[in-house]
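Novice: Quick check, what structure comes out for this input:
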Amino acid sequence: ALAMADDRKPKEQQGLPEGWKWVRLEEVANLVKDISPAGSKPYLEIGDIDILSKNYTIKEKESPNHCIKAKRGNIVISKVRPTRGAISLIKENFLYVSPAFSVLEADNSKFLFYSLSRQQFFNYLGALETGTTYPSVNDKDVMNYELPLPPLPEQRKIAEILETVDNAIEKTEKIIEKYKRIKQGLMQDLLTKGIDENGNIRSEKTHKFKDSPLGRIPEEWEVVRLGEVSKTITKGTTPTTYGFSYTNDGINFIKIESIDENGNFIIEKFEHIDRKTNEYLSRSKLEEGDILFSIAGALGRAAIVEKSILPANTNQALAIIRLKEKREATIKFLRFYLASFSIQNYIENILVRSAQSNLTLEQVSNFLIPLPPLSEQKRIAEILSQIDQVIEKEEKYKEKLEMLKKGLMEDLLTGKVRVNKLLGGENYETA
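Specialist: Numbers count the residues shown, from 1 in each chain. From the prediction side, this is the model:
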């Protein structure tokens with residue numbers, strides 16, 4: 001009978017290090033059932049939890065009936081669509097939470113929180129969910145889960161290690177947010193007032209400004225329609241329209257999801273087409289220095305085509321803007337301007353007036369663009385590119401930390417790698 005019971009467990013459940021044991025969640029945690037009246041605040045619902053970081057944001061709203069009063073250190077686990085993995089650890093002294101959560105209290109809740117944040121737990125719940133519109137599980141399902149439990153000192157050490165990585169991730173996120181805010185402010189200044197040859201941002205007090213269709217702008221600037229400085233503004237087509245299909249490799253085919261909101265290409269999200277398709281769709285063959293600008297779906301993303309992704313083609317959601325004079329400074333300057341608030345507001349006004357959800361090429365061609373002298377375009381593009389590089393570096397670091405955390409959770413929470421016996425934490429032992 002024992003052997004049979006063993007067979008039913010996932011592979012990892014069979015061998016555990018000495019001192020570890022299998023426990024049901026109900027043996028180490030209690031359900032919190034402190035029901036509170038409607039209108040309680042602060043209130044947390046499932047949608048407030050960020051699935052990736054497992055952190056939550058409290059919005060200004062009041063609770064419905066039957067909400068549960070959770071306290072600091074309690075674990076909340078979503079019983080609705082459980083495979084999404086909405087789970088979090090309460091940081092406030094108390095918080096009212098949706099009845100769609102199981103709320104658990106336990107001695108070492110940090111360790112349990114990390115252990116329950118693994119995909120295994122969500123898969124287990126997924127196998128038990130019922131209902132189609134709101135697939136869900138109940139408290140009993142949650143409490144029946146079996147997990148490997150080390151002795152308490154080791155639980156503490158594991159939680160401490162994972163928390164250290166979490167803190168580093170959070171710190172990096174704050175740095176990224178900070179630089180993004182700085183960038184927004186700088187874009188606002190640099191793209192409306194510019195920067196003089198001494199590196200100072202202009203102001204009407206110290207520099208000459210003039211009236212223009214875009215409002216007050218520095219005297220040295222001019223305003224042009226995007227179409228006036230462009231050789232072509234066109235767009236692509238979806239290959240399937242002409243009976244072609246995507247291929248596994250070949251020529252890069254760029255879609256809107258291939259560009260992130262910072263204007264970088266996401267190589268993994270390129271489709272591919274063969275030579276014949278590319279020749280047939282020759283109008284939208286890309287060249288180095290083209291600016292791609294999204295005109296359908298997520299509007300207003302802008303990216304510069306670099307040599308490294310060529311040969312490449314694109315579809316009808318992206319406008320291809322090819323300038324008459326391919327000066328690097330102008331291309332970069334325009335890319336920043338196309339991603340700025342000014343253009344976003346302009347797009348919103350167009351859409352409201354025309355009651356449509358996409359932009360036409362004619363509308364893109366009619367965008368009004370402020371054009372500083374070339375040397376200034378270069379200065380502006382350099383400053384904004386530098387800050388982009390900082391953001392990118394921090395984002396890569398954050399990705400690295402997230403991979404580290406994933407690996408550590410896999411190793412430490414299963415006992416595959418042991419925090420050393422003395423719990424000095426200087427080294428790990430492989431079990």
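Novice: Show me what His272 is bridged to.
Specialist: Residues in a beta bridge with His272, per DSSP bridges, are Asn252.
Novice: swap in Arg322?
Specialist: Beta-bridge partners recorded for Arg322 (DSSP bridges): Thr232.
Novice: Can you give me every residue that contacts it?
Specialist: Counting by CB atoms under 8 Å, 6 or more residues apart in numbering, Arg322 touches 230-233, 287, 289-291. For glycine as for every other residue, the C-beta is placed from the backbone atoms N, C-alpha and C.
Novice: ok, now Leu361?
Specialist: Counting by CB under 8 Å, 6+ apart, Leu361 makes contact with 233-235, 295, 319.
Novice: Quickly note the distance from it to Ile233.
Specialist: From Leu361 over to Ile233 the distance is 5 Å, taken as CB to CB, to the nearest Å.
Novice: Identify the contacts common to the two.
Specialist: Shared contacts of Leu361 and Ile233, defined by CB under 8 Å, 6+ apart, comprise Ala319.
Novice: quick one on the thing from earlier: derive a ChimeraX selection command for the buried subset of the contacts of Leu361.
Specialist: Buried residues within these, by 16 or more other CB atoms under 10 Å, are selected in ChimeraX with:
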select :233,235,295,319
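Novice: Leu359 sits in which helix or strand?
Specialist: Under the criterion DSSP states H and E, no helix or strand holds Leu359.
Novice: could you show me where the helices are in this protein, in order?
Specialist: Here the chain has its helices, by DSSP state H, at 2-8, 25-28, 109-116, 119-128, 139-143, 152-190, 226-229, 275-280, 328-338, 341-354, 361-365, 374-412.
Novice: Format those as TSV; extra columns: distance to Asp50 and mean pLDDT.
Specialist: Converted to TSV, those look like this (distance: least, CB to CB, whole Å; pLDDT from 0 to 100):
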stretch	distance to Asp50	mean pLDDT
helix 2-8	34	42
helix 25-28	23	94
helix 109-116	15	96
helix 119-128	15	93
helix 139-143	21	93
helix 152-190	10	94
helix 226-229	37	94
helix 275-280	40	89
helix 328-338	29	93
helix 341-354	24	86
helix 361-365	34	92
helix 374-412	13	94
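Novice: What is the burial count for the nearest residue to Ile58 once chain neighbours are set aside?
Specialist: Distance criterion CB to CB, 6 or more residues apart in numbering; nearest residue to Ile58, sequence neighbours excluded, is Pro42 at 4.8 Å. Residues near Pro42, counting by other CB atoms under 10 Å, number 16.
Novice: swap in Lys400?
Specialist: Using other CB under 10 Å, Lys400 has 12 neighbouring residues.
Novice: Need the winner for burial among the helices of the chain.
Specialist: helix 109-116 (a mean of 23; mean count of other CB atoms under 10 Å).
Novice: Now do that one against helix 152-190, angle only.
Specialist: Between the axes of helix 109-116 and helix 152-190, defined by axes from the mean of the first three to the mean of the last three CA atoms, to 10 degrees, the angle is 80 degrees.
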